[in-house]
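Asks: With the input below, show me the fold.
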Amino acid sequence: MISTNPNRWLRGILFCVISIWLAVSTAHADERVTNFTLIDQHGEAMELHYHGDASAVVLLAHRNNSPLVAESARALAALKDDFSDVRIFLINAVTEEGRDAVRADMQALGLDLPVLDDRAQLVTRALGLTHAGQALVVDTKRWQVLYRGPVTGQPGDSTNPVADVLTQFAAGETNTVASLDMPATYNSEKLDLPDAAAREAYKNISYSNTVAPILMQKCVDCHRPGGIGPWAMTGHAMVQGFSPMIRETILTKRMPPWHADPETGSFAHDISLSIDEQQTIVNWIDAGAPRGDGPDPLHEVTAIESAWALGEPDLIIDLPNFMVPATGVLDYENFAVPNPLKESKWVRAVQIIPGDRQAVHHVIATVGPYSPDNNADDGDALTDPQLMTFVPGNEVYEYPQGTGLYVPADSSVYAQMHYTTYGRESADATRIGLYFADEAPEHVLQHYAIINPQLQIPAGAREHEETAYYQLQRDAVVYALFPHAHYRGKASRFSFRYPDGSEELVLNSPNYDFNWQRYFKFEEPKNVPAGTMIIHRTVYDNSANNLSNPDPERDVSWGEQTSEEMLYGGISYRYTERKESDFKSDPDVDPEAHFMTSLALGFMDTNLDGKVSLSEMPEGMRPQLAETFTMLDYDNSGGLEYDQLSVLMTQTPVGEALLDAL
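Replies: Numbers count the residues shown, from 1 in each chain. Here you go, the predicted model:
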């Protein structure tokens, strides 16, 4: 799109001169840009090929405290009005400049442009960027470079080759790559990247002592005979054959499947690659993935001997067989299996093995009252004590030290099953393995699910955010968090807002992947005081750019099917001080009443002030709620806090109607 802004036509003569200059300086007409994913200074992910709907993408090498880069960035920002269908990103590959410093630099410049964190320098090298202030203009239809060179020659320079290339391209006149050398004024902006000698040294990276051990630690658990990976890393020849794919999945952050931002929090069993590990593997692949000397550790990789990761369970619950049709949308199936044991047990770990991994979307396994006729309606997946939730990537759950879950002898195990069809009829027979503790634990492990059943995602929305929270009523120790959405889920965050009003981001998943979900267990559990809000925010992409989107032209609401959406945030925690009622099957606090009160508070309190005002309650019910609301708001705060809201919902005539409305 070309602007009719008259200021652009004042540069007509200059444009003609530069056009001739660019035409003379063409090279590498087939230069193409590989796909990549990087995280910006705000913790948001950007995948290059996602922006295929733009006419062009402009990439600029960035560095803090550089007048030339600042001038170039301002010149690019000024193009937004003239080229509204062009996307602009800066890339910072300076190892000493973290996101905090970059964010401060951009704020000081007054610029609102995303700066992508490439401290591993792999993307910058792949793009061939050599100087801060160097720009690439990329045609998104062919992912071909249209221009490589400076945005400006020096501070105050009115020329802008990028703008001229974009104008030519919009007019359909650019068919070759224009390349300009970086002016001498940019000599001080040369990036500290590996030179030719250093790249030659990559050939000497030891596969035996350096590369293979990384693969053993981060990849082989899935990529082994019998594993869930599509191929097995059984030796150098296999890895070398798949090395182009390995390189691509590292640059796009698809593998290893770990989606927690490394800048936020530390989590157990982190399988992500460090910057050094990324550089080692990609540099080794770029050098041809040489075998070198020494033994091949991958020859020691063995097939999975047992499907049970923790050994044979103490009790295996076989769920009923279920025939999954080839097509169609299935309602949730709910199974109940009576506990066959004659004595009560404490569970310390659980594993769920689906009979058909393609068909089983999720399993929520709980313990509820005994059901002699296998009546699954006797259970409640949201309020009964939860054994674990199975989703792809989360199959085994070992309870934190000193915690457990009580399974009474006179109980049943309930399983909420979500099946999805995939074009072929199949039979599923899911198994639940329980591992028992030798004695009662010190604390009872608690689970809670933050949900927002009233979410509404507009058709075509690229970034729509929904929020809900859970307010702890007792001091607690939080062990793990579990973000869950469906195909439109794009990013997810958890924050703790403490009673003093301060807020801490504790988990950021900037490139959420529906196909790989997991509980993120804190390396060090979080001690949080009563009154803390655990806030869960999810960003949804309901646009056509989201290739997984079932229907970008549809407004989407809460629903159990993957074609619908969820805001669902699982929390695994225990209370700091134990109460004997925690160990009873009939605790002092009614679990259902607590859940419903917490649920209503967490999603109706849209301004997150810890209370629900009358204006935040369902509009159609406000007249009948008004009198009761005024009576319960005895402190005249203008809203009902947890205890007041609980009375409204559990002890007043209008409470039942409110529950029905929710």
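Asks: CA only for contacts and neighbour counts going forward, please
Replies: Fine.
Asks: show me the contacts for L111.
Replies: Counting by CA atoms under 8 Å, 6 or more residues apart in numbering, L111 touches A73, R74, A77.
Asks: Among those, name the buried ones.
Replies: Those of those that meet the buried threshold are A73, R74, by 16 or more other CA atoms under 10 Å.
Asks: Show me which of the contacts of L111 is closest to S272.
Replies: Closest approach to S272 among the contacts of L111 (CA to CA): A73, at 31.8 Å.
Asks: contacting residues around that closest one?
Replies: L60, L111.
Asks: Quick check, S243 in contact with D286.
Replies: No: look at S243 against D286 with CA atoms under 8 Å: they stay out of range, at 9.1 Å.
Asks: what's the burial count for S495?
Replies: 18 (other CA atoms under 10 Å).
Asks: now swap in the one 10 residues further on and tell me
Replies: Burial measure for L505: 14 neighbouring residues, criterion other CA under 10 Å.
Asks: Beta-bridge partners for it, please?
Replies: Counting by DSSP bridges, L505 is bridged to S495.
Asks: returning to that earlier point: filter the contacts of L111 down to the ones in helices?
Replies: Applying DSSP state H to the contacts of L111, the entries found in helices are A73, R74, A77.
Asks: separation between the last one and L113?
Replies: It refers to A77. The gap separating A77 from L113 is 7 Å, by CA to CA, to the nearest Å.
Asks: Can you pull the residues that touch both of these two?
Replies: By CA under 8 Å, 6+ apart, A77 and L113 have these common neighbours: I88.
Asks: Looking at the ones in helices among the contacts of L111, which is nearest V94?
Replies: Nearest to V94 out of the ones in helices among the contacts of L111 is A73 (CA to CA; 16.6 Å).
Asks: mind listing what the residue nearest to V145 when sequence neighbours are not counted touches?
Replies: Distances taken as CA to CA, 6 or more residues apart in numbering place V138 nearest to V145, at 4.5 Å, with adjacent residues excluded. V138 sits next to V33, A56, V57, V58, L59, Q144, V145, L146, Y147 when contact means CA under 8 Å, 6+ apart.
Asks: Low-confidence stretches in the stretch 501-650 of the chain?
Replies: Applying pLDDT under 70 to the stretch 501-650 of the chain picks out residues 584-588.
Asks: Strands along that one, start to end?
Replies: Ranges of strands in the stretch 501-650 of the chain, per DSSP state E, counting those that start in this stretch, are 503-509, 520-528, 533-540, 556-557, 568-575.
Asks: burial measure for S158, as a count.
Replies: Neighbourhood size, S158 [other CA under 10 Å]: 13.
Asks: Let me know the helix or strand that it is in.
Replies: Here S158, judged by DSSP states H and E, is contained in no helix and no strand.
Asks: That one and E71, how far apart?
Replies: Counting by CA to CA, the separation of S158 from E71 is 10 Å.
Asks: Now the common contact residues for the two.
Replies: Here S158 and E71 have T152 as joint contacts, going by CA under 8 Å, 6+ apart.
Asks: I'd like to know the beta-bridge partner residues of the closest residue to D356 other than its chain neighbours.
Replies: In space, not counting the residues next to it along the chain, D356 is nearest to D428; the distance is 5.3 Å by CA to CA, 6+ apart. For D428, the beta-bridge partners under DSSP bridges are F322.
Asks: Could you dump the strands of the stretch 501-650 of the chain into a markdown table and include distance to D164?
Replies: As requested, the strands of the stretch 501-650 of the chain are exported to a markdown table (distance: least, CA to CA, whole Å):
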| stretch | distance to D164 |
| --- | --- |
| strand 503-509 | 38 |
| strand 520-528 | 48 |
| strand 533-540 | 35 |
| strand 556-557 | 41 |
| strand 568-575 | 47 |
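Asks: just the ones you listed: most buried one?
Replies: Most buried of those, by mean neighbour count (mean count of other CA atoms under 10 Å): strand 533-540, with a mean of 25.
Asks: Dump it to PDB, keeping only the CA atoms.
Replies: The C-alpha trace of strand 533-540 is given here as PDB (Å, rounded to 0.1, in the frame of the first residue of the first chain):
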ATOM      1  CA  MET A 533      -3.800 -14.000  43.600                       C
ATOM      2  CA  ILE A 534      -2.500 -16.500  41.100                       C
ATOM      3  CA  ILE A 535      -3.300 -14.700  37.900                       C
ATOM      4  CA  HIS A 536      -3.500 -16.700  34.600                       C
ATOM      5  CA  ARG A 537      -3.500 -14.800  31.300                       C
ATOM      6  CA  THR A 538      -3.800 -16.500  27.900                       C
ATOM      7  CA  VAL A 539      -3.500 -14.800  24.500                       C
ATOM      8  CA  TYR A 540      -5.500 -16.400  21.700                       C
END
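Asks: on contacts alone, who are the packing partners of that strand?
Replies: strand 464-471, strand 489-497 (3 or more CA pairs under 8 Å, 6 or more residues apart in numbering; DSSP states H and E).
Asks: do you know which of these lies nearest N374?
Replies: strand 464-471 (32.4 Å).
Asks: what's the next helix or strand after that closest one in contact with?
Replies: Note on strand 464-471: by DSSP H and E, the next helix or strand toward the C-terminus is strand 476-484. Contact partners of strand 476-484, identified using CA under 8 Å, 6+ apart, comprise 400, 492-494, 507, 514, 517-522, 524-530, 566-577.
Asks: how much does strand 476-484 deviate in direction from strand 533-540?
Replies: Compare the direction of strand 476-484 with that of strand 533-540 by axes from the mean of the first three to the mean of the last three CA atoms, to 10 degrees and you get 10 degrees.
Asks: how about the CA coordinates for strand 476-484, as CSV?
Replies: The C-alpha trace of strand 476-484 is given here as CSV (Å, rounded to 0.1, in the frame of the first residue of the first chain):
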residue,chain,number,x,y,z
ALA,A,476,0.6,-22.1,50.7
VAL,A,477,3.6,-23.6,48.9
VAL,A,478,3.1,-23.7,45.1
TYR,A,479,4.9,-26.5,43.3
ALA,A,480,3.8,-26.4,39.7
LEU,A,481,1.6,-24.5,37.1
PHE,A,482,-0.1,-25.9,34.1
PRO,A,483,-1.2,-23.7,31.2
HIS,A,484,-3.9,-25.1,28.9
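Asks: That strand pairs with which strands, parallel or anti?
Replies: Partners of strand 476-484 in the sheet, by DSSP bridges, are strand 520-528 (antiparallel), strand 568-575 (antiparallel).
Asks: Using a markdown table, please lay out those together with distance to S411.
Replies: Formatted as a markdown table, these follow (distance: least, CA to CA, whole Å):
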| stretch | distance to S411 |
| --- | --- |
| strand 520-528 | 29 |
| strand 568-575 | 22 |
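Asks: what's the closest of these to V539?
Replies: For V539, the closest of these is strand 568-575, at 12.1 Å, according to CA to CA.
Asks: Could you verify that P194 is part of a strand?
Replies: No: counting by DSSP: H, G, I helix; E, B strand; the rest coil, P194 is located in no strand; its state is coil.
Asks: Kindly provide the distance from it to G610.
Replies: Noted for P194: a distance of 53 Å to G610, by CA to CA.
Asks: Equivalent analysis for E523, please.
Replies: Distance, E523 to G610, by CA to CA: 29 Å.
Asks: hang on, the earlier thing: between the strands paired with strand 476-484, which one is nearest to E333?
Replies: When those are compared by CA to CA, strand 568-575 sits nearest E333, at 19.2 Å.
Asks: That closest one relative to strand 489-497, how many degrees between them?
Replies: Strand 568-575 and strand 489-497 meet at an angle of 30 degrees, taking the same axes, to 10 degrees as the criterion.
Asks: Check the offset of strand 568-575 from the chain's centre.
Replies: Centre-to-centre, strand 568-575 and its host chain are 18 Å apart (CA atoms, centre = their mean, to the nearest Å).
Asks: Over to stretch 276-296?
Replies: 29 Å.
Asks: Give me the contacts around it.
Replies: 120, 122, 199-200, 202-212, 214, 235-236, 240, 243-244, 247, 250.
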